[in-house]
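Student: Below are the sequence and a predicted model; questions follow.
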Amino acid sequence: MSIFTGPTQFFYKMQGSGNDFIVIDNRAKTISPAEMPRWAKTLCPHAFSIGADGIIFLEIDNSGQAATRWHFFNADGSRAEMCGNGSRCATLLAHKLGMAPAEHLMLTDAGTVYAQVFPEADEVEVQLTPARDMALNFTLDLGGETFTAHFANTGVPHTVIVTDDVKNLDIKDLGAKVRYHDRFAPAGTNANFIQVLSRQELLLRTYERGVEGETYACGTGAAASVAVAHALNLCDAEARVTTSGSEVLGIKVHGSDIFLRGKAQLVYKGEFCPAALGL
Ligand SMILES: N[C@@H](CCC[C@H](N)C(=O)O)C(=O)O
């Protein structure tokens, strides 16, 4: 006998370096793009629902450009062009479900992303879209305090601020000031605060747009941080980025090619009744 009072929906809970996602196998296209923002807002709140930083609807790409395509939404229901850690999770699941081989292309709103699963290491590498709109050394006034900031779009917009002591920053406050700064309106920006430990090692804390707070990791943020730090000659073209969840993301910047590699995990498969949650 079913414990549910109506039709149910399976979902996969996944995490990429502490950035967590609900992934729905939407090959049958039962959930339309118009409904997806409401699913994100209903399912992503912690405590009141499943809880995640974002939600991914995974489908087969029928355009001939890639093996799979996705629809990615932040926890607040906003659609984002790209998510580095989410793309690593989606790649792993597509492979596990037999939708795509270990190496495949995935279509995102930012463009086609090349992805590769390394099962023996529980890692996934994605080649992000080339960094664009890079701007170095501009001044940002954050509530009376002036900071030197940098910008790169690695699929989604990222502002990067270099600091000496990233652990003791008030990311909730400073991050929100960057995220909503007039300079980046109307799209807004994610806010990354980095500390350069050596030419191959960075510490990173990210305030994410659409989550409206600090997450344990942000893949495109790590990529933007290394792209900016390398352009400023603060680090090499290949660097290891330790995020707030203490996981390490490997970033390689080769010309306009940017690669992101790190752990991705299928945590569990679950089932819920959409109607019971108002969906
Ligand atoms: N966590 C992500 C980025 C997700 C999108 C971002 N919050 C935005 O709206 O720009 C990553 O791993 O890249």
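Tutor: Received it, and whenever you're ready, just let me know what you need.
Student: what does the protein have sitting close to the ligand?
Tutor: Contacts of the chain with the ligand, taken as CB under 6 Å from any ligand atom, map to 19, 74, 80, 83-86, 156, 190, 208-211, 218-220. All C-beta spots, glycine's among them, are computed from the backbone N, C-alpha and C.
Student: which one of those has the most neighbours?
Tutor: residue 218 (36 neighbours; other CB atoms under 10 Å).
Student: Quick check: of the residues of the chain next to the ligand, which lies closest to residue 239?
Tutor: Of all these, residue 239 sits closest to residue 219, with 13.8 Å by CB to CB.
Student: Show me the shaky parts of the chain.
Tutor: Filtered on pLDDT under 70, the chain yields no residues whatsoever.
Student: what about stretch 125-137, how long is it end to end?
Tutor: Counting by CA to CA, to the nearest Å, you get 30 Å between the two ends of stretch 125-137.
Student: swap in stretch 90-106?
Tutor: Start-to-end span of stretch 90-106 (CA to CA) is 9 Å.
Student: for it, which positions count as buried?
Tutor: Neighbour counts over stretch 90-106 (16 or more other CB atoms under 10 Å) mark 90-95, 99-100, 104-106 as buried.
Student: Kindly report the same for stretch 154-170.
Tutor: 154-163, 166, 169.
Student: Now do the helices in the stretch 1-150 of the chain.
Tutor: 36-43, 84-96 (DSSP state H, counting those that start in this stretch).
Student: so can I have a markdown table of these showing distance to residue 198?
Tutor: Below are the helices of the stretch 1-150 of the chain laid out as a markdown table (distance: least, CB to CB, whole Å):
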| stretch | distance to residue 198 |
| --- | --- |
| helix 36-43 | 38 |
| helix 84-96 | 23 |
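Student: my guess is residue 68 contacts residue 107, does it?
Tutor: Yes: when contacts are counted by CB atoms under 8 Å, residue 68 is listed as touching residue 107 (7.0 Å).
Student: Next up, the contacts around the nearest residue to residue 218 once chain neighbours are set aside.
Tutor: Spatial nearest neighbour of residue 218, chain neighbours left out: residue 206 (3.9 Å); criterion: CB to CB, 6 or more residues apart in numbering. By CB atoms under 8 Å, 6 or more residues apart in numbering, residue 206 lies in contact with 175, 190-193, 214-215, 217-218, 221, 243-244.
Student: most surrounded residue in those residues?
Tutor: residue 218 (36 neighbours).
Student: Please report how far that residue lies from residue 209.
Tutor: 10 Å (CB to CB, to the nearest Å).
Student: Quickly list what's touching both of the two.
Tutor: In contact with both residue 218 and residue 209: residue 190, using CB under 8 Å, 6+ apart.
Student: Using TSV, lay out the contacts of residue 206 together with distance to residue 275 and secondary structure.
Tutor: As requested, the contacts of residue 206 are arranged in TSV below (distance: CB to CB, whole Å; DSSP: H, G, I helix; E, B strand; the rest coil):
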residue	distance to residue 275	secondary structure
175	37	helix
190	34	strand
191	38	strand
192	40	strand
193	42	strand
214	34	strand
215	30	strand
217	34	coil
218	34	coil
221	36	helix
243	37	coil
244	37	coil
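Student: Sort out which one of those lies nearest residue 120 for me.
Tutor: Scanning the contacts of residue 206 for proximity to residue 120, where the rule is CB to CB, the winner is residue 217, at 21.8 Å.
Student: pretty sure the closest one contacts residue 242?
Tutor: No: between residue 217 and residue 242 there is no contact under CB under 8 Å: 9.4 Å.
Student: Pick out the residue nearest the middle of the chain.
Tutor: Centroid-nearest residue in the chain, with CA atoms, centre = their mean: residue 83, separated by 3.2 Å.
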